[in-house]
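Trainee: Need the 3D shape of this:
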Amino acid sequence: MTHTSDLLIVGGGLNGPALALAAANAGLSVTIIDALPAHARMSEDFDGRGYALSLGSQRLLKATGVWPAVAPNAQPILDVKVTDGKPGEAPAPFMLEFDHAEIDDGPVGFMVEDRFLRRAFLDALDSHDNITQVEGMVAAQEVTAHGATLTLADGTTLNGKLIVGCDGRGSGTAIRAGIKRTGWSYKQTALVCAIQHEKPHGGCAHQYFLPPGPLAILPLPNNQSSIVWTESDKVAQQIQALSDEDYLEVLKPRFGDFLGKISLAGGRFTYPLNITLANAFYAPRVALVGDAAHGMHPIAGQGLNAGLKDVGALTEVLVEAHRRGEDIGREDVLARYSQWRRFDIATMALMTDTFNKLFSNDNPMLRLMRDLGMGVVNSLPSVRREAIREAAGVNGDLPKLMRGLAL
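Mentor: Sure thing, here's the model as predicted:
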């Protein structure tokens, strides 16, 4: 079989381009396929969507050459404050506070708007000789002992050694490979928007645990913050249907007045919340990355970070195999990637599921237990530092790219 590229990556969101750049920088040839045309993915409009990148993810972006284009528009996250409470009431007396100065590695992370991150990726793809970009819908995929073929809706065929699905929670790549999923709905919806506020946020991110679900206030540049606000499906639908003015009136008692007057900046979005885990991270000549492999509750803010850790691990496994002369699509090669990532993902899925059940309720006994738990962690410097390092993505068996090292 004549290979179009070593890797055929399906999905041009964020994980797909990150993988394409990491692999291409290390000498692999890559074709990336996305259903949306590039101009539709490069909008300059501010819509309020942002990502909390861990320090480990920032190092991966730096190692792949993307960070210099992102950095001027990135907001360092210097502190994280976690509290429990109810709308319109003072927070619980116990607080969990993370200060970046305790870990000597730099900020806990960075907030980056979707528009800047996406454009930086697309510009980098355009300028890379080892990357071919294709627009179109994948209609079929086929694998043999010697390679893999994708057939697009217009009849175009693309050949490679390995297909990588970076195509989200409803991954067509996984479905075509026969990989089933396990998951359930939380019957919660995330309301997402950005706000302009009167006072500076000081680079501090806040997570308030309210009875219907968490409210995250994440700092953006220029006295703006990104809001991820969880409500039950029914209540979220009612809130989203309100005018901007009425929407703000519902948000204000939850948000508080610590940043002064607030107003909406950009659009308003809703996302149904569920957990969906692929039963396998690979199949013959197919690997899954990011939401195609695992979609979790955003309570810990690790969605994109977990996907970028997949990118780092898969790239490292494939590049090492390629340099040893192995077939990168072979199942024993892909099993190394799965072994590296599955335990971490299973642990994270259990943690986010447990946290959501523990904190998204108003049970007085559970409230007392979780508040005392936060107080204990906050009072133990060594435990608190480990929690900060975990949030910053600098703990555990990290891929080289997540440590800022080139492959």
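Trainee: buried ones in stretch 208-226?
Mentor: 208-210, 212-220, 223-226 (16 or more other C-beta atoms under 10 Å). Where you see a C-beta, it was placed from the backbone N, CA and C, and this is true even at glycine.
Trainee: Convert the C-alpha atoms of it to PDB, please.
Mentor: In PDB, the C-alpha atoms belonging to stretch 208-226 read as follows (Å, rounded to 0.1, in the frame of the first residue of the first chain):
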ATOM      1  CA  TYR A 208     -17.900  27.800  44.000                       C
ATOM      2  CA  PHE A 209     -19.800  24.600  44.800                       C
ATOM      3  CA  LEU A 210     -23.500  25.400  44.700                       C
ATOM      4  CA  PRO A 211     -26.300  22.900  45.300                       C
ATOM      5  CA  PRO A 212     -27.200  22.400  41.500                       C
ATOM      6  CA  GLY A 213     -23.500  22.200  40.500                       C
ATOM      7  CA  PRO A 214     -20.200  24.100  40.400                       C
ATOM      8  CA  LEU A 215     -19.700  27.700  39.300                       C
ATOM      9  CA  ALA A 216     -16.300  28.400  37.900                       C
ATOM     10  CA  ILE A 217     -15.000  32.000  37.400                       C
ATOM     11  CA  LEU A 218     -11.800  31.800  35.300                       C
ATOM     12  CA  PRO A 219      -9.700  34.900  34.700                       C
ATOM     13  CA  LEU A 220      -9.200  36.300  31.200                       C
ATOM     14  CA  PRO A 221      -7.200  39.400  30.200                       C
ATOM     15  CA  ASN A 222      -8.500  42.900  30.500                       C
ATOM     16  CA  ASN A 223     -10.800  42.600  33.500                       C
ATOM     17  CA  GLN A 224     -12.800  39.800  31.900                       C
ATOM     18  CA  SER A 225     -13.600  36.300  33.200                       C
ATOM     19  CA  SER A 226     -15.000  33.100  31.700                       C
END
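Trainee: I'd like the average pLDDT over that stretch.
Mentor: Stretch 208-226 shows a mean pLDDT of 91.
Trainee: One more: stretch 137-147?
Mentor: On average, the pLDDT along stretch 137-147 is 95.
Trainee: Residues contacting stretch 390-399, please?
Mentor: 54-57, 60, 80, 98, 100, 103, 105, 107-109, 300, 305, 309, 312-313, 315-316, 340, 344, 386, 389, 402 (C-beta atoms under 8 Å, 6 or more residues apart in numbering).
Trainee: same question, stretch 337-351
Mentor: Taking C-beta under 8 Å, 6+ apart as the rule, stretch 337-351 contacts 275, 277, 280-282, 287, 293-294, 296, 300, 302, 306, 309-310, 313-314, 317-318, 396-397, 399.
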